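**Q** starting from these lines, generate the structure:
(chains A and B)
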2 protein chains.
Amino acid sequence: MKSDIEIARAAPRRPMAEIGAKIGIPEDALIPYGRDKAKVDAAFLKGLEGRGEGKLILVTAVNPTPAGEGKTTTTVGLGDALSHIGKRAAICIREASLGPNFGMKGGAAGGGLSQIVPMEDMNLHFTGDFHAITAAHNLLAAMIDNHIYWGNHLGIDTRRVVWRRVLDMNDRALRDVVVGLGEPGNGFPRQTGFDITVASEVMACLCLATDLADLQARLGRIVIGSDFERRPVTCADLKADGAMVVLLREAMQPNLVQTIEHTPAFVHGGPFANIAHGCNSVIATRAALRLADYVVTEAGFGADLGAEKFFDIKCRKAGLSPAAAVIVATVRALKMNGGVVRADLGAENVAAVTAGCANLGRHIANTRGFGVPVVVAINHFDADSEAEIAAVQDYVAAQGCEAVLCHHWAEGGAGAAELARKVVALTEQPSRFAPLYPDAMGLFEKIETIAMKIYHAGEVVAAPQIRAQLKAWEAAGYGDLPICMAKTQYSFSTDPSLRGAPEGHVVPVREVRLSAGAGFVVAICGEIMTMPGLPRVPAAETIGLDATGAIEGLF
Amino acid sequence: MKSDIEIARAAPRRPMAEIGAKIGIPEDALIPYGRDKAKVDAAFLKGLEGRGEGKLILVTAVNPTPAGEGKTTTTVGLGDALSHIGKRAAICIREASLGPNFGMKGGAAGGGLSQIVPMEDMNLHFTGDFHAITAAHNLLAAMIDNHIYWGNHLGIDTRRVVWRRVLDMNDRALRDVVVGLGEPGNGFPRQTGFDITVASEVMACLCLATDLADLQARLGRIVIGSDFERRPVTCADLKADGAMVVLLREAMQPNLVQTIEHTPAFVHGGPFANIAHGCNSVIATRAALRLADYVVTEAGFGADLGAEKFFDIKCRKAGLSPAAAVIVATVRALKMNGGVVRADLGAENVAAVTAGCANLGRHIANTRGFGVPVVVAINHFDADSEAEIAAVQDYVAAQGCEAVLCHHWAEGGAGAAELARKVVALTEQPSRFAPLYPDAMGLFEKIETIAMKIYHAGEVVAAPQIRAQLKAWEAAGYGDLPICMAKTQYSFSTDPSLRGAPEGHVVPVREVRLSAGAGFVVAICGEIMTMPGLPRVPAAETIGLDATGAIEGLF
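**A** Down below sits the predicted model:
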């Protein structure tokens, strides 16, 4: 059995001009980055405005478990399957973060025969987008301290600067730092820290912006802290937005690559799925919809976090109307949701699978609650027994839904052809998509609505100062913003060990943050790590080039 | 009169395949980065080994003044002029640093009709090389703190870690920081700081390495600090070298672009000219020499720093033998070296020009001292009077040398055709190149030799602990390394206000640093800024995209 990286490396690639031509992108609108990556020219995309749009299909999943669900693999497999049955299809996924590859082994873009290539580039510098975001983010940080250094005419309260710096690196020593030490010429000492680049609000802005002008407007609205009168100070106050958008001009153009089966894949943007919304850029999704008849995309984590934010933040703000959703489940993951520990996954356990289906069932109901037709994809693993698969299918059928067994990992697009046909049929139904809550609802009520309706919580608790902060933001004109929930991805609750479908639990909101540029309010319910560390033995220690110049140890 | 950026933007570009073909690079050995930049495939370069090499021509200059000398402009102009007279020529220069563009207006790559394009890309992300260097550098930093966090089995003395972090940003607040604050999970607090990326030893390693294997060996030798027994701890001890070289795999491939007149230009690497050696990569120079008959390159600052390091570090270590050197002078710069202040540059002053020629004269003698034939290029400015030009030419003739008046800024390569013919004639002479001092000389003696012979200093002073440190490095096996002098570029002395050709001055060595990976010992003689700050009104405040999407304010 070949590994993912062996399959990816061995896969013959078609010229990018041919990949672009599949969805009507002329060769002169493809800006090459290496031989098998391209950016799609902004001017060409501008010319597509007003075109009819294809069907948008969201791939989401049950709550993730260590067993693995294969959400990206299914996204790729479904894209290839749609191509396989003769549809004009495209895929939209996020770019990968560089830093974490040096901690644990790097993430593939899919798996088996359902992968996007070139995998190594996508896990390293790719087309440089994240480096550009790092530079733009840190330019703003430098301009903040520079402004203070030269007299601080805006009266920035150095104790209340919330804009940190970023690096695309797992570096725990940078979480909490004091800068400006040494001597007067180095500025005023203050406490701050670094996040990983995917946690940058610049990343979220880029992913939600519709064009460069919108991006600049969003960057300008970023609140970097407050002045001594507690009034917000913005990026525009510091006049940093213009230079930042210059740094992001190329990064704003979507990247085009291909699957092993040569389906066009847009890989663009990669905001965190906790303190940000966790899906690829609006500009890539919009471009794909104007160019292809079926666009398969995914959202981070399980449907409780990923799909909810996809619907309530991305689709709401971009005016996207998803035509169908695929919820990925595996027998293994449902078994774990049913209480089985990882070591016992190999043994058949129909009862546990059935018990775990409660998790799946709630995601089905939640997703349908947004007015989006749903199909379940069972991502097949060799150890799955027929009885276990049947148990899932029976459970899903009892919900008035269908679970399709898929073999795309082993067989590529052909292995998910049935899923593709089912999805096409679903998208023929009229779309009744609507977000969960209206813009006008109060910020705390929005949090309660998500917690009650999606998580089935009994109560949301928050300290008075958190409620007061939300009220203050409403008074300052931020009340219309959607909520970006940051909680554990492993449970509907805020307790990662609570699998299945818990009811009546308490959701504690520990902190709220305003992302005025991205356009959401983050509600943090639990420990959220915005700068990871490296493990005791980092993968970096065994990463290197072999005698042939190929990368080893990265995957 | 058009500005440099207007000229650069208006210049029609030829396809990269055509530029590559001029020097025998097949299209499939060009890896595209955008439409007008390419990397030259490492495998193709490997295949050139053993080929005969063209003539290497160094462009250097008198000590820089605010009047401007036009060293890069002359490098480009001479390259174009060699093409113009029918020679197979290529140019090799450094890449530009991103960060400083947001402080002062960005630097052009040449000027007038002697420019390399695309200018904007070259001043922004270009092909991402510096971002890769930043990532590789900071990975090592993260692995140092991670090692300490997980038990510090190497016994690294946290007070003696000399490896800092880097960002390609002017950010004075990061010069001196404390990391690892907050809580035990963030590691052990220690004092450190950030340098700008061009000051990274990783940059110097990449620029001196002959291939990826050599690069990895150099990275492995980097000394990051010492253990509690004061023994050096290296990058290889931390097993970071393999992952770093993976991050640098693409960055190690030289970038190819073109001049306005379509001469091939390698733009690759950009080490600081003070704490590093200040010239483009060995791999680019070597590639150019194997592909072209004449290769024009430049070195940072004036000949006292730039040419000396080019000869004693780059040429010595890479086995390069320069065939000729061009010393760029302007009437304006010589006038300032003769004591005229900037405001009075407009008025004819033959006496001041003649007095300032002492500076030029010493650079001529020094450069000839390396066994390299010299010609002076007078980079013409409109305000130069005939008498002033004649004064320079007479002075240079009296040194047994020739000064050629050049009009490449206004006329392109045709304006430097006479210089090109003179250079070709010089390179017909047998090369007698030899470095200034032998490898075996003691480290302090090497410093003294440079100070006495090149700077005409009377004495080198250094505290006993500095001399002891040099002795300790000799004992540890680093005695064979060349010296990298870090002093002001404005004078032969360490006093920036001392123009002309001072004699008998004192050179104080304030600090020495070991760059064991790059392969030199840095002698710091004066204040060296390794992390610049932004000015009161940074250029970033007026940088932005105009209504057409073009960048404004950057140049």
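**Q** pull out the buried positions in stretch A:34-47.
**A** A:34, A:36-42, A:44-45 (16 or more other Cβ atoms under 10 Å in any protein chain shown). (Glycine included, C-beta is placed from N, CA and C.)
**Q** what's the closest of the residues you listed to chain B?
**A** Proximity of these to chain B was ranked by Cβ to the nearest Cβ; the top entry is A:Gly34 with 5.5 Å.
**Q** does the closest one really touch A:Asp121, like I thought?
**A** Yes: assessed by Cβ atoms under 8 Å, A:Gly34 is found in contact with A:Asp121 at 6.7 Å.
**Q** residues in contact with whichever residue of the stretch 201-350 of chain A sits closest to chain B?
**A** Of all residues in the stretch 201-350 of chain A, A:Gly242 sits closest to chain B, at 2.8 Å by Cβ to the nearest Cβ. Residues near A:Gly242 by Cβ atoms under 8 Å, 6 or more residues apart in numbering or on different chains: A:216, B:540-545, B:553.
**Q** then A:Met122?
**A** If you count contacts by Cβ under 8 Å, 6+ apart, A:Met122 has them with A:95-96, A:109, A:116, A:257, A:267.
**Q** please, which helix or strand holds it?
**A** Per DSSP states H and E: A:Met122 is located in helix A:119-123.
**Q** so for that helix, mean pLDDT?
**A** The average of the pLDDT scores along helix A:119-123 is 92.
**Q** and that helix, how far out from the chain middle?
**A** 17 Å (Cα atoms, centre = their mean, to the nearest Å).
**Q** what residues sit buried inside it?
**A** Per 16+ other Cβ under 10 Å, helix A:119-123 contains these buried residues: A:119-123.
**Q** now stretch A:189-204
**A** Neighbour-count burial for stretch A:189-204, with 16+ other Cβ under 10 Å as criterion, is recorded at A:190, A:192-204.
**Q** among these, which are in strands?
**A** A:190, A:192, A:194-196 (DSSP state E).
**Q** want to throw those residues into CSV with pLDDT and distance to A:Thr210?
**A** Shown next, in CSV, are those (pLDDT from 0 to 100; distance: Cβ to Cβ, whole Å):
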residue, pLDDT, distance to A:Thr210
A:Arg190, 98, 35
A:Thr192, 98, 31
A:Phe194, 98, 29
A:Asp195, 97, 25
A:Ile196, 97, 26
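**Q** what does the stretch 301-450 of chain A have sitting close to chain B?
**A** Remark: no part of the stretch 301-450 of chain A is in contact with chain B, using Cβ under 8 Å from any Cβ of the partner chain.
**Q** tilt between the helix or strand following the helix holding A:Met122 and helix B:129-149?
**A** Beyond helix A:119-123 on the C-terminal side, the first helix or strand identified by DSSP H and E is helix A:129-149. Here helix A:129-149 points in a direction 80 degrees away from that of helix B:129-149 (axes from the mean of the first three to the mean of the last three Cα atoms, to 10 degrees).
**Q** once you drop chain neighbours, what's closest to the residue nearest in space to the middle of chain A?
**A** In chain A, the centroid-proximal residue (Cα atoms, centre = their mean) is A:Gly278; its distance is 2.4 Å. Spatially, and ignoring its direct neighbours in sequence, A:Gly278 is nearest to A:Gly300 (3.0 Å; Cβ to Cβ, 6 or more residues apart in numbering or on different chains).
**Q** then A:Tyr437?
**A** A:Thr449 (4.7 Å).
**Q** now swap in A:Tyr149 and tell me
**A** A:Tyr149 sits nearest to A:Gly187 (Cβ to Cβ, 6+ apart), 4.5 Å away.
**Q** residues near that neighbour, how many?
**A** By other Cβ atoms under 10 Å in any protein chain shown, 24 other residues sit near A:Gly187.
**Q** could you check how far it is from A:Thr158?
**A** Per Cβ to Cβ, to the nearest Å, A:Gly187 is found 10 Å from A:Thr158.
**Q** between those two, what contacts are shared?
**A** Residues touching both A:Gly187 and A:Thr158 (Cβ under 8 Å, 6+ apart): A:Ile148.
**Q** follow-up on the earlier one: am I right that the residue nearest to A:Tyr437 sits in a helix?
**A** Yes: using DSSP: H, G, I helix; E, B strand; the rest coil, the assignment for A:Thr449 is a helix.
**Q** so A:Arg421 makes contact with A:Lys87?
**A** No: taking contacts as Cβ under 8 Å, A:Arg421 lies outside contact range of A:Lys87: 9.8 Å.
**Q** so for these two, which sits in the more crowded spot?
**A** Between A:Arg421 and A:Lys87, A:Lys87 has the larger neighbour count (other Cβ under 10 Å), namely 18 against 15.
**Q** thought the more buried one was touching A:Val296?
**A** No: assessed by Cβ under 8 Å, A:Lys87 is found out of contact with A:Val296, at 10.4 Å.
**Q** what about the closest residue to chain B within the stretch 451-555 of chain A, distance to A:Pro64?
**A** Nearest residue of the stretch 451-555 of chain A to chain B (Cβ to the nearest Cβ) works out as A:Gly544 at 2.8 Å. Applying Cβ to Cβ, the value for A:Gly544 to A:Pro64 is 30 Å.
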